[in-house]
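Q: quick one: sequence plus predicted model below, questions after.
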Amino acid sequence: MAGKMTMRRTKWRTALSALFIASGTWAAALDVTITGDLSEELVEAVQGGSLLIELTEAEEPADARDIVSAAQADYRRVIAIMYDNGYFGPEISIKLDRKEAADIVPVTPPSSVNVAVIDVKKGKLFRFGRTDIAPVQKQTEVPESYRTGETAKVSAAQAATRAVVNGWRDAGHAKAEVAEQKIVARHDAARLDVDITVTPGPKVRFGALEIEGESAVSRERILEIAALPEGDVYSPEEIKDAAERLRRTGTFRAVALIEGEVAPDGETLPIQLRVADNKPRRFGFGGELATIEGLTLSGFWLHRNIFGGAERLRFEGEVSGIGGETGGLNYLLRTRFDRPATFNEDTNFYGLAEIEQEDEPNYFSRQTSVEAGIERFATDRRTYRFGLGFRRAITEDALGDSDYTLFSIPVGLTFDYRDNEFDALRGYYLDTTVSPFHAISGTDDGIYSEIDLRGYQTFGTSRPTTLALRLQIGSLAGPSLENAPADLLFYSGGGGTVRGQDYQSLGVQVGPDEDDIIGGRSFLGLSAEVRMRTAGDLGFVAFADAGYIGREAFPDGSAGEWHSGAGLGVRYATPIGPIRFDIAVPTSNQTGDNDFQLYFGIGQAF
């Protein structure tokens, strides 16, 4: 609903903020007001595009020279906003302490500016009259916003132009471009006539890929990985996919595919590839601290392009339970080799080996495993896995000792549609593994499965609030509970499942003593977080978790127990991800002796 609306954006500063600047101007708090007969949508648009508003959100108050410069730039910015919303006769007034900003000489600004008023008279709302654009490739859909009678938004005309040009490019016309555009505003009728002419250019095919720049990766392997289809009809998607394959290797610091000029034959388009290598070696480390689990330390060493074909070799290790109350020390040593474009351009080969010890509250396990397989990249967000592996372990739990050997066929998929891997605001993430196994000795044949599903939705812009949800499902089918490998059973409690409950405190009781606990054959975990961000780097989180452990192979609630926890947290944004501090308490079926838990780490909980 339209009406008179005023919005004020003021950031108050202490008296110490009003510092004298060497140029002779003063830095002071600025009060910006937007006035005019504007709808709420228009006020928000002006607010989002105004440099004066931006100055009020800066950490330090701006001096008068910066305020004058911002105000004079805002004339053009606000007019552009009005044009983009269909108002082609706006009148803009920007006054600084009651003086029109356009009349102020920038080299001699006032000593201070305290109040800025942006007044907008938007004028008539224009609608599209004639909307001509030609020629249009037959499979191209011109946006409905670019139609006679629709609001004459500049962005609508731009979207139509992009759609038509991209339609020709998708059809193989790499050099399609706008040849001419005529825009006439008929103020008496409040109509905007637009006439756009597009030149498709010739339909072309990919020429040879020309590699420029020095690289330690062999030319043959670069061509194999990029896999640009020489001789095929030009497609911008193929260009994008080739660049993504090269970046995905991690070997290259920069990748650029540049379209050349059409060859004299009029049918061939050469493509230039420019690459710059990353440093061949890299290392990193991390840590996480929890009151009960103790300290976890991890690190890795990575060698890129180890054999000259963009291969990767990675060694990593982790030690957990340091100073904790969860049994003894756990350690993991892993090495993994990846070779891109092994069977085709989107299928990688991998091989890995692991040695792991788990000294947990309810069981002990020492394992050795090897695995080899393929990873298929359907898109940059969807991957599929298939492998063959062997696993040997000795375990000990409340039911006694066990020694087993398995041959497994792990298959899995990962869909990652998050906008940010480390601090997602929107999207979802799904990781699923199903691993049928044949027991060579020590147990029965079965299927081990895990599902991890996460979703994110953010509301608001200046101080956004994110709702994050997580569902975890685990299942071990085949072996009975008494004959199942102890390290393939599921527990709940702790930082990765239910915060507030003691680590791995929920399992299945198998003896008269309440400490006679083993894991369950099924697990169900539910987590929810409300993440609230401030205008700065600080954020706050409220969360609740619940977990279920059952005797049955699939978590249907028929033969198990639930517990839950909840808490509050603080996040501080850093370039490597948010620093996380959480405090949580049990909220039902307390399964440990502690009334609260503290968690500290880098990155969101999920």
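A: On my side now, so go ahead. Given the structure is predicted, the values throughout are model-derived calculations rather than measurements.

Q: quick one: least confident helix or strand in this structure?
A: Using mean pLDDT, DSSP states H and E, strand 7-10 stands out as the lowest-scoring helix or strand of the chain, at a mean of 40.

Q: and for Glu237, the neighbour number?
A: Using other CB atoms under 10 Å, Glu237 has 9 neighbouring residues. C-beta: built from backbone N, CA, C; applies to glycine.

Q: ok, now which ones touch the closest residue to it other than its chain neighbours?
A: Of all residues not flanking Glu237 in the chain, Asp170 sits nearest, at 7.7 Å (CB to CB, 6 or more residues apart in numbering). By CB atoms under 8 Å, 6 or more residues apart in numbering, Asp170 lies in contact with Gln137, Gln139, Ser235, Pro236, Glu237.

Q: likewise for Ile67?
A: Leu30, Leu52, Leu55, Leu96, Pro109, Val113, Ala116.

Q: how far away from the center of its chain is the helix or strand harbouring it?
A: Element membership of Ile67, judged by DSSP states H and E, is helix 64-84. Its chain's C-alpha centre and that of helix 64-84 lie 33 Å apart, by CA atoms, centre = their mean, to the nearest Å.

Q: so how far is the next helix or strand after that helix from its chain's centroid?
A: Per DSSP H and E, helix 64-84 leads on to strand 91-96 as the next helix or strand towards the C-terminus. How far strand 91-96 lies from its chain's middle: 40 Å, per CA atoms, centre = their mean.

Q: on the three-state scheme, the residue most central in space within the chain is what?
A: Taking CA atoms, centre = their mean, the centroid of the chain lies closest to Asn420, which sits 1.5 Å from it. Secondary structure, DSSP: H, G, I helix; E, B strand; the rest coil: Asn420 is coil.

Q: can you pull the phi/psi pair for it?
A: Main-chain torsions, Asn420, degrees, to the nearest 10: phi -150, psi 120.

Q: list the buried residues for stretch 405-423?
A: Leu406, Ser408, Pro410, Gly412, Thr414, Phe415, Asp416, Arg418, Asp423 (16 or more other CB atoms under 10 Å).

Q: meant to ask about stretch 140-149
A: With burial defined by 16+ other CB under 10 Å, the residues of stretch 140-149 counted as buried are Thr140, Val142, Pro143, Ser145, Tyr146.

Q: just stretch 101-115 next, same as before
A: Within stretch 101-115, the residues that qualify as buried are Ala101, Ile104, Pro109, Pro110, Ser112, Val113, counting by 16+ other CB under 10 Å.

Q: pLDDT of it, averaged?
A: Averaging pLDDT along stretch 101-115 yields 89.

Q: what residues does that stretch touch?
A: So stretch 101-115 is contacted by 24-26, 28-31, 33, 64-65, 67-69, 71-72, 74-75, 94-99, 116 (CB under 8 Å, 6+ apart).

Q: what of stretch 278-285?
A: Outside stretch 278-285, the residues that touch it by CB under 8 Å, 6+ apart are 216, 250-253, 297-305.

Q: for stretch 353-368, same thing?
A: 321, 326-335, 369-371, 391-398, 486-487, 489, 491, 503-505, 507, 517-519.

Q: tell me who's in contact with Arg248.
A: By CB under 8 Å, 6+ apart, the contact list for Arg248 reads Pro340, Phe377, Asp380.

Q: rewinding a little: could you dump the buried residues of stretch 101-115 to CSV with secondary structure?
A: Below are the buried residues of stretch 101-115 laid out as CSV (three-state DSSP):
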residue, secondary structure
Ala101, helix
Ile104, coil
Pro109, coil
Pro110, coil
Ser112, coil
Val113, coil
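
Q: domain map for the protein?
A: Domain segmentation of the chain under automatic domain parsing yields 7-121, 127-199, 205-277, 281-602.

Q: look at the second one and report the distance between its end residues.
A: Meaning domain 127-199. From its first residue to its last, domain 127-199 covers 27 Å (CA to CA, to the nearest Å).

Q: cool, stretch 199-209 as well?
A: First-to-last residue span, stretch 199-209, CA to CA: 26 Å.

Q: and if you look at stretch 497-506?
A: 11 Å.

Q: that one - what's its average pLDDT?
A: Computed over stretch 497-506, the mean pLDDT rounds to 92.

Q: quick one: low-confidence ranges for the protein?
A: By pLDDT under 70, the low-scoring segments of the chain are 1-28, 59.

Q: which residue ranges form the helices in it?
A: Secondary structure of the chain (DSSP state H): helices at 40-49, 51-56, 64-84, 154-170, 219-226, 236-248.

Q: using CSV, lay out the ones you listed together with distance to Ala176.
A: Shown next, in CSV, are the helices of the chain (distance: least, CB to CB, whole Å):
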stretch, distance to Ala176
helix 40-49, 31
helix 51-56, 35
helix 64-84, 25
helix 154-170, 4
helix 219-226, 24
helix 236-248, 10
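
Q: got a list of what the nearest residue to Ala62 once chain neighbours are set aside touches?
A: Among residues not flanking Ala62 along the chain, Leu55 sits closest, at 4.4 Å (CB to CB, 6+ apart). Counting by CB under 8 Å, 6+ apart, Leu55 makes contact with Leu30, Val32, Ala62, Asp66, Ile67, Ala70.
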